[in-house]
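Undergrad: Generate coordinates for the sequence data below:
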Amino acid sequence: MQDRSLSPLQAERQRYAPKVPPALMSAGPTWEGAAAASQVDPTIASQFPHTAELLQIRCTSGTLAPAGQRVGVVLSGGQAPGGHNVMTGLYDALSAHGGELTGFLGGPIGIIEDKGRVLGAAEIDAHRNTGGFDLIGSGRDKIATEAQFAACAEACRRRELTGLVVIGGDDSNTNAAVLAEWFLANGVSTSVVGVPKTIDGDLKAGAVECSFGFDTATRVYAQLVGNIARDARSAGKYWHFIRLMGRSASHVTLEVALQTQPNFAFIGEEVRANGWTLAQCIEKIAAVIVDRAGRGQHHGICLVPEGLIEFIPEIGRLIEQLNTALANDDGNGSEETILAGLPADSRNVFRSLPAQIRGQLLLDRDSHGNVQVSKIDTESLVIAKVQEHLNFSDSFRTQHHFFGYEGRCAAPTNFDADYTYALGRTAASLLASGKSGYIAALTGLSTEASAWEPTGVPLTSLMHIETRKGKPVPVIAKALVDLDGAPFRYFAERRRQWADDDAYLYPGAPQYFGPAEISDGRTMTLTLEAEERA
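TA: From the prediction side, this is the model:
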């Protein structure tokens, strides 16, 4: 057998032609105001005088770029399925009219240090409909200082870029908003546009109906959870505690629960809304375990969002206080020195946690000052506290899992492949029209791609004031699970039955071919939210 450079699936996926709205395939971009942006906080408006009053806009005719447009693109933050297709959409829109696409390497630092290359047809074609960010790499560096803004401006001037596209999550698009404002304030002609990326699903509001990658990642996780549920039912002896991605919102856990129907799932937003303490959270899952054991069911599935600990009031306060303390620490402070500056009740909470969790809470923060919750074994904390609470028998046996990286670089589903390609073309259109300070969006995502409407949403309309590293700063707000929304209501109405019975669903792997209901489907979240809006 000859050596192969591509698997059969890779080769077939490269030939897939994404489905896009007709407006994105015709010439002559026209954008018009669709609605006034949501009211911007006066504090934010004062810091964004050039972009705070932008209108939400929609494309009413074609979106192909005019000749000669030069655009830079950067991947920022963690990987999400579909990033390459944003770039292929950009490339196709630009190259059709003699333009070019420059990829900045390794994330935002690539702009600051002006490390990039013009992307050619061969490498773009090799990455069509693929997962990963390996074409140009990504990074978590933040563009924050005057020197960094100036360096970015110089890189754009040197390369004569008419536009810059930032593909990222809430923090990365906050960077895009700040950079767009700085460029306008300082006479830099390069327009800046963002694209909503995050598997966490927490970058959405209004016309930004969902972030790309969420569809693919949740289907990958749902397949794995379904496999484990089948194993749990087959063996009949283990409770599986499964931690899922979702740093500050529980969208992934909720969607996977909707797809698999586990015996129990924590939703962080519900925990916070009800003020449940850690002890109360443990009592709730323990009650389900005891009830099932009483019926001879010594197995089960419990889903845990990785950010659960931040939603538990006493631990959330502790983390905020530790964030501030560590931001002011020179790195030489001992655990006791850091704790000495905390209120007594927070010190007691900290000391009540298992040693492993205590150590993880003191790990270095990320570049945005956030605790790195993916490095905290929240599912192990839940298991330890449940064992402590139950204080019984060999009949309670556990396995723990964390599904995170498994979903970040999967080959995008047809939906994500279509969505991201269309986002790339939408971004190209916005830049061709000289628009800056916007995030590319498409509305009507629950319908066929031909009915999607390309939209530009002002980045400032998504912002609020948040404490970062102990200081108030304007950032794009994370979209949390709406406890009054249709997806959570669907879950809440059925979870009692799921707790009592083995009502597991087994979604299987993401499908790329076959009947539309399995190859072109939408997440339960997107479907239920669309039904609610109708």
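Undergrad: contacting residues for residue 189?
TA: 162, 183 (CB atoms under 8 Å, 6 or more residues apart in numbering). For every residue, glycine as well, the C-beta is placed using N, CA and C.
Undergrad: What score does it have for pLDDT?
TA: If you check residue 189, the pLDDT there is 98.
Undergrad: what distance separates the start and the end of stretch 500-514?
TA: 34 Å (CA to CA, to the nearest Å).
Undergrad: Just the buried residues of that stretch, please?
TA: 502, 504, 507, 510-512 (16 or more other CB atoms under 10 Å).
Undergrad: for it, the distance to its chain's centre please.
TA: Remark: stretch 500-514 is offset 23 Å from the chain centroid, using CA atoms, centre = their mean, to the nearest Å.
Undergrad: Repeat that for stretch 294-309.
TA: How far stretch 294-309 lies from its chain's middle: 24 Å, per CA atoms, centre = their mean.
Undergrad: Check stretch 170-181 too.
TA: Counting by CA atoms, centre = their mean, stretch 170-181 comes out at 16 Å from the chain centroid.
Undergrad: Output it as CSV, restricted to C-alpha atoms.
TA: This file holds the C-alpha atoms of stretch 170-181, laid out as CSV (Å, rounded to 0.1, in the frame of the first residue of the first chain):
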residue,chain,number,x,y,z
ASP,A,170,-15.1,37.5,24.1
ASP,A,171,-11.7,38.6,25.3
SER,A,172,-10.2,38.5,21.8
ASN,A,173,-13.0,40.5,20.3
THR,A,174,-12.7,43.0,23.2
ASN,A,175,-9.1,43.4,21.8
ALA,A,176,-10.6,44.0,18.4
ALA,A,177,-12.9,46.7,19.7
VAL,A,178,-10.1,48.5,21.5
LEU,A,179,-7.8,48.2,18.4
ALA,A,180,-10.6,49.5,16.1
GLU,A,181,-11.1,52.5,18.4
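Undergrad: Break this protein down into its domains, please.
TA: Domain ranges of the chain: 33-213+412-468, 218-406+483-533, per automatic domain parsing.
Undergrad: remind me which residues of the stretch 401-534 of the chain are low pLDDT?
TA: Within the stretch 401-534 of the chain, the stretches with pLDDT under 70 are 469-470.
Undergrad: And the helices in it?
TA: Along the stretch 401-534 of the chain, the segments classed as helices by DSSP state H, counting those that start in this stretch run 405-408, 414-432, 486-500, 516-519, 524-533.
Undergrad: Can you tell me which of those is nearest to residue 232?
TA: Proximity to residue 232, assessed across the helices of the stretch 401-534 of the chain by CB to CB, is greatest for helix 486-500 (13.3 Å).
Undergrad: what helices or strands is the closest one leaning on?
TA: When contacts are defined as 3 or more CB pairs under 8 Å, 6 or more residues apart in numbering; DSSP states H and E, helix 486-500 sits against helix 251-260, strand 264-265, helix 278-294, helix 524-533.
Undergrad: Can you tell me what sits against the following helix or strand past the shortest one?
TA: Where DSSP states H and E defines the elements, the next helix or strand beyond strand 264-265 is helix 268-274. For helix 268-274, the external contacting residues (CB under 8 Å, 6+ apart) are 246, 249-250, 253, 276, 281, 305, 307-308, 310-313, 316, 480-483, 488.
Undergrad: What about the residues you listed, which are in strands?
TA: Judged by DSSP state E, the contacts of helix 268-274 include residue 305 as members of strands.
Undergrad: Tell me the buried residues within the contacts of helix 268-274.
TA: Using 16+ other CB under 10 Å as the burial test, these include 246, 249-250, 253, 276, 281, 305, 307-308, 310-313, 316, 480-481, 488 as buried.
Undergrad: Just the buried positions in the helix ranked longest in the chain, please.
TA: In the chain, taking DSSP state H as the definition, the longest helix is helix 214-235. Across helix 214-235, burial judged by 16+ other CB under 10 Å covers 214-226, 228-229, 232.
Undergrad: CA atoms of that helix as CSV?
TA: Written as CSV, here are the backbone C-alpha positions of helix 214-235 (Å, rounded to 0.1, in the frame of the first residue of the first chain):
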residue,chain,number,x,y,z
PHE,A,214,-20.0,25.2,19.5
ASP,A,215,-22.0,22.9,17.2
THR,A,216,-19.1,20.6,16.4
ALA,A,217,-17.6,20.5,19.9
THR,A,218,-20.8,19.7,21.6
ARG,A,219,-21.5,16.9,19.1
VAL,A,220,-18.1,15.4,19.8
TYR,A,221,-18.6,15.6,23.6
ALA,A,222,-22.2,14.2,23.3
GLN,A,223,-20.8,11.2,21.4
LEU,A,224,-18.3,10.5,24.1
VAL,A,225,-20.9,11.0,26.9
GLY,A,226,-23.2,8.7,25.0
ASN,A,227,-20.5,6.0,24.8
ILE,A,228,-19.8,6.3,28.5
ALA,A,229,-23.6,6.1,29.3
ARG,A,230,-23.8,2.9,27.3
ASP,A,231,-20.8,1.5,29.2
ALA,A,232,-22.3,2.6,32.6
ARG,A,233,-25.5,0.9,31.8
SER,A,234,-23.7,-2.2,30.6
ALA,A,235,-21.5,-2.6,33.6
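Undergrad: what's next to the next helix-or-strand element following that helix, contact-wise?
TA: Next helix or strand after helix 214-235 toward the C-terminus (DSSP H and E): strand 239-244. If you take CB under 8 Å, 6+ apart as the criterion, strand 239-244 is touched by 221, 225, 228-229, 232, 252-253, 256, 289, 298-306, 377-380, 382-383, 396-404.
Undergrad: which one of the buried residues of helix 214-235 is nearest residue 146?
TA: Nearest to residue 146 among the buried residues of helix 214-235: residue 214, at 35.0 Å, using CB to CB.
Undergrad: Please report phi then psi for the residue lying closest to that closest one once chain neighbours are set aside.
TA: Distance criterion CB to CB, 6 or more residues apart in numbering; nearest residue to residue 214, sequence neighbours excluded, is residue 201 at 4.2 Å. Backbone torsions for residue 201, taken as degrees, to the nearest 10, come to phi 70, psi 10.
Undergrad: OK, contacts around residue 201?
TA: 210-211, 214, 218, 246, 249, 251-252, 255, 479, 525 are the contacts of residue 201 under CB under 8 Å, 6+ apart.
Undergrad: make it 10 Å
TA: Neighbour list for residue 201: 210-211, 213-215, 217-218, 245-246, 249-252, 254-255, 478-479, 481, 523, 525-526 [criterion: CB atoms under 10 Å, 6 or more residues apart in numbering].
Undergrad: Output the below-cut-off pLDDT ranges for this protein.
TA: 1-3, 27-29, 34-38, 62-66, 330-333, 364-370, 392-394, 469-470.
Undergrad: Would you mind writing the CA trace of stretch 471-490 as PDB?
TA: Output in PDB follows, covering the C-alpha atoms of stretch 471-490 (Å, rounded to 0.1, in the frame of the first residue of the first chain):
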ATOM      1  CA  LYS A 471      -9.700  46.900  38.200                       C
ATOM      2  CA  PRO A 472     -12.900  47.900  36.300                       C
ATOM      3  CA  VAL A 473     -12.500  47.600  32.500                       C
ATOM      4  CA  PRO A 474     -14.800  47.500  29.500                       C
ATOM      5  CA  VAL A 475     -15.000  44.000  28.000                       C
ATOM      6  CA  ILE A 476     -17.500  42.000  25.900                       C
ATOM      7  CA  ALA A 477     -20.000  40.400  28.200                       C
ATOM      8  CA  LYS A 478     -20.200  36.700  28.400                       C
ATOM      9  CA  ALA A 479     -23.600  35.300  27.500                       C
ATOM     10  CA  LEU A 480     -24.700  33.000  30.300                       C
ATOM     11  CA  VAL A 481     -27.400  30.300  30.300                       C
ATOM     12  CA  ASP A 482     -30.800  32.000  30.400                       C
ATOM     13  CA  LEU A 483     -32.700  30.200  33.200                       C
ATOM     14  CA  ASP A 484     -35.900  31.500  31.600                       C
ATOM     15  CA  GLY A 485     -34.900  30.500  28.100                       C
ATOM     16  CA  ALA A 486     -36.300  27.600  26.200                       C
ATOM     17  CA  PRO A 487     -33.200  25.300  26.300                       C
ATOM     18  CA  PHE A 488     -33.000  25.400  30.100                       C
ATOM     19  CA  ARG A 489     -36.700  25.000  30.500                       C
ATOM     20  CA  TYR A 490     -36.700  22.000  28.300                       C
END
